[in-house]
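Enquirer: based on what follows, work out the 3D shape:
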Amino acid sequence: MSRTSAPLDWELVIGLEVHCQLRTRSKIFCGCSCTFGAEPNANTCPVCLGLPGALPVLNAHAVTLATRASLALGCTVHDTSVFARKNYFYPDLPKGYQISQFDRPLATNGAVVVGINPDGGPRVIRVHRVHMEEDAGKSVHDRFADASAIDLNRAGTPLVEIVSEPDIRSAADAVSYARRLKQILEYAEVSDANMEEGSLRVDVNISVRRFGDDTLGTKTEIKNLNSFSAIERAVEIEFTRQCEVLESGGRIEQQTMLYDDKRNQVRPARSKEGSHDYRYFPDPDLPPLRLSATFIAEQQAALPELPPARRQRFAAQYQLSDVDIEQLVVTRELADTFEAVASASGDAKRAANWMLGTVLASVNASGTALSAHPVSPERLGALIRLEAAGDLSNTAARQLFGMLEQHDGDPLEMAREAGLLQVRDDDALVRWIDEVFAENPAEAARFVTGERKLQGVLVGLVMKKSKGAADPKKVNQLLGARAG
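Expert: Numbering: from 1, shown residues only. Sure thing, here's the model as predicted:
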């Protein structure tokens, strides 16, 4: 297993708390919109503002999505869970408490596979629990020169918090876990998991201990990391800091930290609270959440094929490399499109090469979604069939793809009209070869008298003369017959 670079005597121990916004139209306890980017404080009401007398009503769709998220992570969903009040006082928490779940969460005991161990077995990060809660608002510090502002649009947004066991031992594995988790949530369609918009935020708990020691060290928590690179850098910095403190005979203080990506540093924010500091108690306005076995089974059945199963199937069904499979299953949309192209073309390997090369390059260059790309899987499949049959050279196939991006039409007809179909007729090929020999008599003479290394040069000249239309295999065969 990989280890973060630091003094060799110290082992890094990491647990992640991932806050994921559920894909609902309205908030978890009221009917306010969850639309991102609205005017500050536009999506608010007495409930999410915490006004006296306003009562929460649980969003049923949020429960459905939270249940699916839990099942997608392999958790046991409990038939009864309890909402509690988590009491703390921040400017962006108007009620003075957050509605969350404490000792009776929605689900427990899941797992995420993040890679392969040296012995060939899966490297597994256990999921301790998944619980539902509401988000807080947002403090805005860069809008005014001499004051901070509060935007409560986010207050009451439905979240699941996914808490891992302290099984992670490197910054790289922390990133792998976060990536796999994001991927699973996107496949299950429970969240858009957009880190830039704050739909997925990661808190990293870090401690160190001597190798061979089973006792956990004092942990610090780095809050609200919203990119994979930030997770990796913050872990590296804090691990090194803790090792230096302990090496010098100091003591780690339990505290909450913030990562400053502009300065690339981790700094203390406040002393870290324990669960007793929050004075949890069951929310008197919300009854226990009770889920039937039938409901849980329905949500399990509603899950699509998830990334781990898809990786295994792609390996068995398409005989693709692990590298190709990992790239193809990055998003459900990419994996679905690949399968459609593979089916239309009858050639999974070529379909994978086209998807991971030309198609993704085109999508990235245009900035459009893959689903909106003008070359449909059916038309790309037809192009690949022409290439596989030898009717199109590699160069001509790329030319045809560019034409398909610009115009509707049948790939075969467009290739024929553009003169892109490969010429295999011996008479036509011989005429081009004769013209190349006439234009390059010295090279032709050396080749005919036995200088075989010139064959590639002559093939290139024939391909240039034919504007890529000549079948290079046939050209090689005809040239070979003339060699001495």
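Enquirer: list the buried residues of the helix or strand that contains residue 295.
Expert: Element membership of residue 295 [criterion: DSSP states H and E] is helix 293-302. Across helix 293-302, burial judged by 16 or more other C-beta atoms under 10 Å covers 296, 299. Backbone N, C-alpha and C define where each C-beta goes, glycine included.
Enquirer: just checking, what packs against the helix or strand following it?
Expert: Next helix or strand after helix 293-302 toward the C-terminus (DSSP H and E): helix 307-318. Helices and strands touching helix 307-318, by 3 or more C-beta pairs under 8 Å, 6 or more residues apart in numbering; DSSP states H and E, are helix 171-187, helix 322-328, helix 332-345, helix 348-354.
Enquirer: the third one to helix 171-187, inter-axis angle?
Expert: Counting by axes from the mean of the first three to the mean of the last three C-alpha atoms, to 10 degrees, helix 332-345 points 70 degrees away from the direction of helix 171-187.
Enquirer: where's helix 332-345 relative to the chain centroid, distance-wise?
Expert: How far helix 332-345 lies from its chain's middle: 18 Å, per C-alpha atoms, centre = their mean, to the nearest Å.
Enquirer: name the residues of it that come out as buried.
Expert: Judged by neighbour count (16+ other C-beta under 10 Å), helix 332-345 contains these buried residues: 332, 334-342, 344-345.
Enquirer: show me where the stretch 351-484 of the chain has its helices.
Expert: 360-366, 377-388, 394-406, 411-417, 426-439, 441-448, 455-465, 472-482 (DSSP state H, counting those that start in this stretch).
Enquirer: what pLDDT does residue 484 get?
Expert: Note for residue 484: predicted pLDDT of 61.
Enquirer: distance of residue 67 from residue 316?
Expert: To residue 316, residue 67 is 30 Å away according to C-beta to C-beta, to the nearest Å.
Enquirer: those two: which is more packed in?
Expert: A count of neighbours by other C-beta atoms under 10 Å puts residue 67 above the other of residue 67 and residue 316, at 25 against 9.
Enquirer: just give the nearest non-adjacent residue to the more buried one, would you?
Expert: residue 299 (4.6 Å; C-beta to C-beta, 6 or more residues apart in numbering).
Enquirer: identify, from the buried residues of helix 332-345, the entry nearest to residue 367.
Expert: The closest of the buried residues of helix 332-345 to residue 367 turns out to be residue 334 (C-beta to C-beta; 16.0 Å).
Enquirer: from what I can see that closest one touches residue 324, true?
Expert: No. Counting by C-beta atoms under 8 Å, residue 324 is not a contact partner of residue 334; they are 11.6 Å apart.
Enquirer: who's in contact with the helix holding residue 295?
Expert: 64, 67-68, 71, 77, 79 (C-beta atoms under 8 Å, 6 or more residues apart in numbering).
Enquirer: these: which two are farthest apart?
Expert: 68 and 79 (16.1 Å).
Enquirer: between the two, which one's more packed in?
Expert: residue 68 (24 against 12).
Enquirer: got any ranges where the stretch 151-300 of the chain has weak pLDDT?
Expert: Counting by pLDDT under 70, the stretch 151-300 of the chain contains low-confidence ranges at 272-274.
Enquirer: ok, for the most centrally placed residue in the chain, nearest residue in space, not its chain neighbours?
Expert: In the chain, the residue lying closest to the centroid (C-alpha atoms, centre = their mean) is residue 183, at 4.7 Å. The shortest distance from residue 183 to any non-neighbouring residue, by C-beta to C-beta, 6+ apart, is to residue 307 (5.3 Å).
Enquirer: over to residue 40?
Expert: Per C-beta to C-beta, 6+ apart, closest to residue 40 is residue 151, 4.2 Å.
Enquirer: look up phi and psi at the one you found.
Expert: phi -110, psi 110 (degrees, to the nearest 10).
Enquirer: so it sits against residue 140, correct?
Expert: Yes. The pair residue 151 / residue 140 is scored as a contact, 5.6 Å apart, by C-beta under 8 Å.
Enquirer: overlap of the contact sets of these two?
Expert: With C-beta under 8 Å, 6+ apart as the test, residue 151 and residue 140 both reach residue 40.
Enquirer: which one of those two has more residues nearby?
Expert: residue 151 (19 against 14).
Enquirer: what sits against that one?
Expert: Per C-beta under 8 Å, 6+ apart, neighbours of residue 151: 40-41, 92, 137-138, 140.
Enquirer: repeat that for residue 305.
Expert: 187, 313.
Enquirer: returning to what we had before: just the contacts of helix 293-302: which are in helices?
Expert: Those of the contacts of helix 293-302 mapping onto helices are 64, 67-68, 71, per DSSP state H.
Enquirer: longest helix of the protein?
Expert: From DSSP H, the single longest helix across the chain is helix 228-247.
Enquirer: buried ones in that one?
Expert: Those would be 228, 230-243, 246, for helix 228-247 by 16+ other C-beta under 10 Å.
Enquirer: highest mean neighbour count out of the helices of the stretch 351-484 of the chain?
Expert: helix 377-388 (a mean of 20; mean count of other C-beta atoms under 10 Å).
Enquirer: can you list contacts of it?
Expert: 337, 340-347, 350-351, 354, 359, 375, 392-394, 397, 400-401, 404, 410-412, 415, 421.
Enquirer: show me how far it is from its chain's centre.
Expert: Counting by C-alpha atoms, centre = their mean, helix 377-388 comes out at 28 Å from the chain centroid.
Enquirer: any idea how far the residue nearest to residue 245 when sequence neighbours are not counted lies from residue 232?
Expert: Leaving aside its sequence neighbours, residue 245 sits nearest to residue 252 (C-beta to C-beta, 6+ apart; 6.0 Å). Distance, residue 252 to residue 232, by C-beta to C-beta: 21 Å.
Enquirer: which intervals of the stretch 1-150 of the chain have sub-threshold pLDDT?
Expert: 1-8.
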